[in-house]
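> Please find the sequence and the predicted model below.
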Amino acid sequence: MIIIATVALVVSFIVGRRKTAATPGLLLSLFFLSFAFLGATAWNWSRDQNGAGLPGQIAADPNLYGIGTGAFASAALGASIAAILGGMTSRQLFTFASINRILRTPRLGTITQVASVIALALWLVGQGTNLWFRQNYMDTNGSQAFLTTFSLIGPLAGISAFLIGSISAAAPVRVAAWILASTWWACTSAAGTRLAVGFVLTGLLACILYWLTSRSIPRTLIAFAQGAGLTYLTLATFAVTYVARGTQHGLTRLAALFASPSVPQPFDLNTWVPGLKWLVSSIAASFPLTEQSALRAPPTEIILANLNPLPASLLNIDPYTFERLWPWAWVPLGFVGEVYGAFGPISVTILFFAVALSAGIGAAWLQRKGLDIAIVAILVTTVALGFLAIQYPSRSAGRVISFVTIGPYLAVLVVNLAKLFRLKTRPPTAKQLHQAGAPRDVEV
């Protein structure tokens with residue numbers, strides 16, 4: 001399967017290169033194949049640091065014909081087939097130049113920063129006043145409704161706004177984006193959420209983009225210095241969020257957390273290795289998790305019930321009992337492994353074929369409507385869906401998949417219905433205005 005998936009990716013790249021409808025499939029296929037080839041090795045190297053919550057004694061099978069590799073290869077094959085089909089049937093071209101031009105507009109940068117401020121305020125309401133100092137991890141005293149709604153959406157909105165604002169053509173927007181991102185980073189690090197690493201990685205990406213567009217040696221040196229500092233900060237931030245979960249934390253304890261012996265030191269490269277292993281293990285844990293999920297897959301009716309986007313309480317669904325890696329109750333199963341174990345490799349291929357094809361159709365349709373900026377949202381959602389599918393169970397990943405799969409078709413249906421029922425209005429004539437009581441000299 002791994003060989004077939006690799007050949008399919010190469011063919012999809014040749015056929016679908018620069019095609020809008022093929023881009024989501026290409027991204028998903030490359031994402032899954034990367035885990036298929038590197039996931040087992042990365043986990044076995046880093047599992048002694050146990051930065052993912054998955055027990056370190058669980059080893060990954062590096063065999064290219066093993067369960068984990070087969071699950072990821074099946075998903076990659078489906079995405080590649082969708083990319084091939086999208087590349088053969090679509091004429092819309094995806095160009096980074098047009099997307100970059102739209103993202104750099106000052107108006108868009110300003111709107112996203114305002115949205116980020118609002119998201120931060122709502123996120124803080126959910127966290128509560130004890131964000132200043134907490135005894136235990138997730139011991140919040142804010143609004144539970146706001147915490148549930150904005151604990152994930154808020155930081156993701158902040159990361160997106162930071163990326164757009166950091167490349168804006170307007171200098172005030174860029175400055176505001178960095179200040180706001182720094183605030184987000186401090187708050188999320190103090191709360192112990194690993195989403196804090198996302199802000200540092202986004203800053204590192206902004207530095208890389210700055211370096212690619214630099215035409216002078218001083219700017220290149222500045223970009224390299226910033227990149228080195230942010231690389232260290234990425235490892236240190238991940239270590240801080242890991243340490244915060246087992247000790248007192250909060251904004252008033254942030255400096256003390258960074259002074260912890262477990263946090264890498266900036267000028268001692270030997271201390272970077274444990275931090276790097278923590279970071280790698282948190283991502284590479286998806287490989288053994290997929291293997292274990294395939295071996296311990298829940299009943300098929302549970303997975304099918306969890307795929308719907310409706311609330312679990314409304315359908316009387318138990319999203320917890322069947323989708324945990326018992327006896328480690330804090331470790332959820334992975335969706336790709338669940339589907340692979342319960343339905344087989346062909347079902348995984350068909351599923352991600354449908355996901356990538358729907359995302360490609362949606363992107364091409366939006367481009368025809370002149371909404372190039374929405375393509376970025378689809379691509380980001382597609383990559384985020386890949387991460388969800390390998391680290392979260394069907395109840396979490398399945399809901400997003402249902403939206404991505406059905407969303408483009410619903411959008412087309414809504415637009416066509418709106419056109420069908422749209423009322424065509426014409427300006428009133430002079431005779432109609434006179435009959436309504438208007439003076440005769442009124443101009444129409």
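Cool, got the structure.
> residue contacts, the most centrally placed residue in the chain?
Residue closest to the average C-alpha location in the chain (Cα atoms, centre = their mean): Ala384, at 2.7 Å. By Cβ atoms under 8 Å, 6 or more residues apart in numbering, Ala384 lies in contact with Leu156, Val400. No exception for glycine: its C-beta is placed from N, CA and C like everyone else's.
> Let me know whether Gly165 touches Ala171 as I believe.
No. In this structure, Gly165 is not within contact of Ala171 by Cβ atoms under 8 Å, at 11.0 Å.
> more neighbours, those two?
Between Gly165 and Ala171, Gly165 has the larger neighbour count (other Cβ atoms under 10 Å), namely 29 against 9.
> what about the more buried one, distance to Leu120?
Here Gly165 is placed at a distance of 13 Å from Leu120 (Cβ to Cβ, to the nearest Å).
> Need the overlap of contacts for the two.
By Cβ under 8 Å, 6+ apart, the residues touching both Gly165 and Leu120 are Leu180.
> one step back: please give the element, helix or strand, for the residue nearest to the centre of the chain.
If you go by DSSP states H and E, Ala384 is part of helix 372-391.
> those helices in the stretch 201-350 of the chain, which residues are they?
217-244, 254-258, 272-284, 286-295, 300-306, 312-315, 335-343, 345-368 (DSSP state H, counting those that start in this stretch).
> Only the buried residues of the helix or strand following the helix holding Ala384, if you could.
Sequence-wise, the next helix or strand downstream of helix 372-391 (DSSP H and E) is helix 394-421. The neighbour-count check on helix 394-421 (16 or more other Cβ atoms under 10 Å) flags 394-402, 404-405, 408, 411 as buried.
> re earlier: with respect to Ala60, which of the helices of the stretch 201-350 of the chain lies nearest?
Closest to Ala60 of the helices of the stretch 201-350 of the chain, according to Cβ to Cβ: helix 286-295, at 4.3 Å.
> who does that closest one touch, helix- and strand-wise?
Packing contacts for helix 286-295, counted by 3 or more Cβ pairs under 8 Å, 6 or more residues apart in numbering; DSSP states H and E, involve helix 23-46, helix 67-89, strand 324-325, helix 335-343, helix 372-391.
> Reformat these as CSV; add mean pLDDT.
Output for the helices and strands packed on helix 286-295, formatted as CSV (pLDDT from 0 to 100):
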stretch, mean pLDDT
helix 23-46, 90
helix 67-89, 91
strand 324-325, 79
helix 335-343, 91
helix 372-391, 80
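> Asn141: which of those is closest?
Here strand 324-325 is closest among those (Cβ to Cβ), at 27.7 Å.
> Provide the strand pairings for the closest one, with the direction of each partner.
Applying DSSP bridges to the sheet, strand 324-325 is found paired with strand 328-332 (antiparallel).
> quick check, distance from the partner strand to the centre of its chain.
Offset of strand 328-332 from its chain centre (Cα atoms, centre = their mean, to the nearest Å): 22 Å.
> By mean pLDDT, point me to the weakest helix or strand of this protein.
In the chain, the helix or strand scored least confidently by mean pLDDT, DSSP states H and E is helix 430-435, which has a mean of 57.
> can you pull the contacts of Ala83?
By Cβ under 8 Å, 6+ apart, the contact set of Ala83 is Ser12, Phe13, Val15, Gly16, Ala22, Thr23, Pro24, Gly25, Leu26, Ser29, Ala356, Gly360.
> Against Arg91, how distant is the first one?
In this view, Ser12 and Arg91 are 17 Å apart by Cβ to Cβ.
> ok, now the third one?
Applying Cβ to Cβ, the value for Val15 to Arg91 is 13 Å.
> Neighbour count: these two, which is higher?
Each of Val15 and Arg91 has its neighbours counted (other Cβ under 10 Å); Val15 has more, 16 against 9.
> need the contact list for the closest residue to the more buried one other than its chain neighbours.
Distances taken as Cβ to Cβ, 6 or more residues apart in numbering place Gly87 nearest to Val15, at 4.0 Å, with adjacent residues excluded. By Cβ under 8 Å, 6+ apart, the residues touching Gly87 are Ser12, Val15, Gly16, Arg17, Lys19, Ala21, Ala22.
> Include pLDDT when you put those into JSON lines, please.
JSON lines is the format used below for the contacts of Gly87 (pLDDT from 0 to 100):
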{"residue": "Ser12", "pLDDT": "87"}
{"residue": "Val15", "pLDDT": "87"}
{"residue": "Gly16", "pLDDT": "80"}
{"residue": "Arg17", "pLDDT": "80"}
{"residue": "Lys19", "pLDDT": "85"}
{"residue": "Ala21", "pLDDT": "85"}
{"residue": "Ala22", "pLDDT": "87"}
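> thinking Lys277 is in contact with Gln49, fair?
Yes. Using Cβ under 8 Å, Lys277 makes contact with Gln49 at a distance of 3.9 Å.
> Between the contacts of Ala83, which sits nearest Tyr65?
Relative to Tyr65, and with distances defined as Cβ to Cβ, the nearest of those is Ser29, at 19.1 Å.
> ok so, going back, compare the contacts of Gly87 and tell me which is most surrounded.
Within those, most neighbours by other Cβ under 10 Å means Ala22, with 33 neighbours.
> what's the nearest residue to that residue if we skip its chain neighbours?
Leaving aside its sequence neighbours, Ala22 sits nearest to Gly16 (Cβ to Cβ, 6+ apart; 2.6 Å).
> go on, Tyr392?
Tyr392 sits nearest to Pro332 (Cβ to Cβ, 6+ apart), 5.9 Å away.
> for Tyr137, same thing?
Arg245 (4.4 Å).
> How about Glu323?
If the residues on either side of it in the chain are set aside, Glu323 comes closest to Pro393, at 3.7 Å by Cβ to Cβ, 6+ apart.
> Near the one you found, how many other residues are there?
For Pro393, the neighbour count with other Cβ under 10 Å is 26.
> returning to that earlier point: my read: the residue nearest to Ala22 touches Ile84, true?
Yes. Using Cβ under 8 Å, Gly16 is in contact with Ile84, at 6.4 Å.
> Now the common contact residues for these two.
In contact with both Gly16 and Ile84: Ala22, Gly25, using Cβ under 8 Å, 6+ apart.
> Show me the shaky parts of the stretch 151-300 of the chain.
Scanning the stretch 151-300 of the chain for pLDDT under 70 picks out the ranges 213-215.
> Which residue, neighbours along the chain excluded, lies closest to Thr110?
Per Cβ to Cβ, 6+ apart, closest to Thr110 is Val173, 5.9 Å.
> what about that neighbour, which helix or strand?
Going by DSSP H and E, Val173 is part of helix 171-191.
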